[in-house]
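Visitor: this one's structure only:
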């Protein structure tokens, strides 16, 4: 009888721990290079390294002993349910340091294997990036005013290039983007928010659309003050 009581108490204690752990807010953890499909579809055989850098940004993994390949790795762990999304991309250069091959979790453009110096109508080519160029992130203020403004929190990023690309992607899709903090210093983590509303329910449709667009696991959260 006493043993049964101890077992019951143990089960209650475990269930209580699970209940309280579910109440604790856990942040999303994005790591590495965030890259979307549109960026990858701009790649063409024969691009030089400056052009690839302009399209994809600085690689997450840079092997100083092997300059013929760059690895872009992205990992996103959801604070909501603990699920993990992993995506990788490897670009390989030939002896003349021109793009030769791309492998990984992304789909290439149908004209990828046509050399970049051959003109293709309606194909968006990347121009070489200015040397040592650093993208500047410009945030738009929320259009709503007052307390309890809700927004779709897409993720948190320490790489300014990733923030800029995600911001452009969302704005091109018609979403209003807010960054917190607005004036982030180099290396500081920036939270990206898209769309605003006065209630969580009003953002449910946009939550699903943004998740599909960005291939992330966003959440609906209160928009922090600017």
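Guide: Structure received. Note that the coordinates shown come from a computational prediction; the quantities given were computed from them, not determined experimentally.

Visitor: low-confidence ranges in the protein?
Guide: Low-confidence segments of the chain (pLDDT under 70): 1-26, 61-65, 119-146.

Visitor: quick check: buried residues in the helix or strand hosting residue 204?
Guide: Residue 204 belongs to helix 204-214 when assigned by DSSP states H and E. Neighbour-count burial for helix 204-214 flags 206-207, 209-210, 213-214 (criterion: 16 or more other CB atoms under 10 Å). Every C-beta, even on glycine, is put in place using the N, C-alpha and C of the backbone.

Visitor: what's near enough to touch the most centrally placed residue in the chain?
Guide: Residue closest to the average C-alpha location in the chain (CA atoms, centre = their mean): residue 34, at 4.0 Å. Counting by CB atoms under 8 Å, 6 or more residues apart in numbering, residue 34 touches 74, 155, 157, 159, 162, 165-166.

Visitor: including secondary structure, could these go into TSV?
Guide: Below are those laid out as TSV (DSSP: H, G, I helix; E, B strand; the rest coil):
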residue	secondary structure
74	strand
155	strand
157	strand
159	coil
162	helix
165	helix
166	helix
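
Visitor: about what we covered before: show me what secondary structure element comes after the helix holding residue 204.
Guide: Taking DSSP H and E, what comes next after helix 204-214 is strand 219-222.

Visitor: same for that next one, what does it pack against?
Guide: Contacts defined by 3 or more CB pairs under 8 Å, 6 or more residues apart in numbering; DSSP states H and E place strand 219-222 against strand 150-157, helix 204-214.

Visitor: return the distance of residue 164 relative to residue 59.
Guide: 16 Å (CB to CB, to the nearest Å).

Visitor: what do you get for residue 52?
Guide: Distance of residue 52 to residue 59, given as CB to CB: 9 Å.

Visitor: what is in contact with these two at once?
Guide: 70, 91.

Visitor: neighbour count: these two, which is higher?
Guide: residue 52 (24 against 19; other CB atoms under 10 Å).

Visitor: give me the element the more buried one is part of.
Guide: Assigned by DSSP H and E, residue 52 falls in helix 49-56.

Visitor: which strands and helices sit next to that helix?
Guide: With contacts taken as 3+ CB pairs under 8 Å, 6+ apart, helix 49-56 sits against helix 37-40, strand 84-93.
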